[in-house]
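K.L.:
I would like to see how this sequence folds:
(chains A and B)
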Amino acid sequence: GAVVSQHPSWVICKSGTSVKIECRSLDFQATTMFWYRQFPKQSLMLMATSNEGSKATYEQGVEKDKFLINHASLTLSTLTVTSAHPEDSSFYICSAREGGGQPQHFGDGTRLSIL
Amino acid sequence: AQRVTQPEKLLSVFKGAPVELKCNYSYSGSPELFWYVQYSRQRLQLLLRHISRESIKGFTADLNKGETSFHLKKPFAQEEDSAMYYCALNTGNQFYFGTGTSLTVIP
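P.N.:
Here you go, the predicted structure:
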């Protein structure tokens, strides 16, 4: 089955640090990747949608300068949380799909803790 | 506007009882609907999609265009079914998730 690998699984860093999270589709080419944020006991909140080779589309209220997304290849997308602060602490999840009619396949998520 | 509605945030049923998790959608085009499940401490995973019309782990879901619903059903709930369930709508350009229903199956 389709596998999405997300790295790192947990990162703790100081306030003001920038953190990069990687999302890779291991056995398929992902034309579209999605980034979500999930707070404890809450649903997924879509942050942005990225298509390979083009700029990401951010959801309303998500700061594009704060959450930089790069989808340079069909198997890799990165989310960089710039100058992270404690309020950015959350669980970030990526997903990928092969084409428009295909289901999304999810990574394990990254727990980001900002001290 | 909320595209996918899951009216029940929490649902508890006894083991062996039937279970139905409700999902309603709002979309004027031809919808493509999915159910995803997230077990404790695991990644979100696809449970089933309406176009395949299959039964996975005893769960089925029928698309009712008249009622714009895609309810998830299982005739006899098992303890291992306890999880978070998300209904999702694919419009081609966008993927919308419901707010999720936490199912607890009581032994």
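
K.L.:
any idea which helix or strand in chain B has the lowest mean pLDDT?
P.N.:
Scoring the helices and strands of chain B by mean pLDDT, DSSP states H and E places strand B:95-97 at the bottom, with a mean of 82.

K.L.:
show me what that strand is packed against.
P.N.:
Of the remaining helices and strands, those touching strand B:95-97 by 3 or more CB pairs under 8 Å, 6 or more residues apart in numbering or on different chains; DSSP states H and E are strand A:44-51, strand B:83-90. Yep, even glycine has a C-beta here, placed from its N, CA and C like the rest.

K.L.:
neighbours of B:Ser55, how many?
P.N.:
12 (other CB atoms under 10 Å in any protein chain shown).

K.L.:
now do the one 3 residues further on
P.N.:
Under the neighbour criterion other CB under 10 Å, B:Gly58 is assigned a count of 13.

K.L.:
I'd like the distance between it and B:Leu33.
P.N.:
The gap separating B:Gly58 from B:Leu33 is 19 Å, by CB to CB, to the nearest Å.

K.L.:
re earlier: mind listing the strands the least confident helix or strand of chain B pairs with, and their directions?
P.N.:
Counting by DSSP bridges, the strands paired with strand B:95-97 are strand B:83-90 (antiparallel).

K.L.:
what angle sits between the strand it pairs with and strand A:44-51?
P.N.:
40 degrees (axes from the mean of the first three to the mean of the last three CA atoms, to 10 degrees).

K.L.:
next one: strand B:83-90 to chain centre, how far?
P.N.:
Taking CA atoms, centre = their mean, to the nearest Å, one finds the center of strand B:83-90 at 5 Å from the center of the full chain.

K.L.:
before we move on, what about stretch A:27-42?
P.N.:
Here stretch A:27-42 is found 6 Å from its chain centre; the criterion is CA atoms, centre = their mean.

K.L.:
go ahead and confirm B:Met33 touches B:Arg53.
P.N.:
No, residue B:33 isn't Met; it's Leu. No - if you go by CB atoms under 8 Å, B:Leu33 and B:Arg53 don't touch, sitting 11.6 Å apart.

K.L.:
neighbour count: those two, which is higher?
P.N.:
Taking neighbours as other CB under 10 Å, B:Leu33 and B:Arg53 compare with B:Leu33 leading, 21 against 11.

K.L.:
show the pLDDT at the more buried one.
P.N.:
In the prediction, the pLDDT value recorded for B:Leu33 is 92.

K.L.:
likewise for A:Gln60?
P.N.:
88.

K.L.:
then B:Asp62?
P.N.:
Here, the pLDDT recorded for B:Asp62 equals 89.

K.L.:
report how many residues lie close to the closest residue to A:Gln29 other than its chain neighbours.
P.N.:
In space, and not counting its chain neighbours, A:Gln29 is closest to A:Leu74: 3.9 Å by CB to CB, 6 or more residues apart in numbering or on different chains. Neighbouring residues of A:Leu74 were enumerated by other CB under 10 Å; the total is 16.
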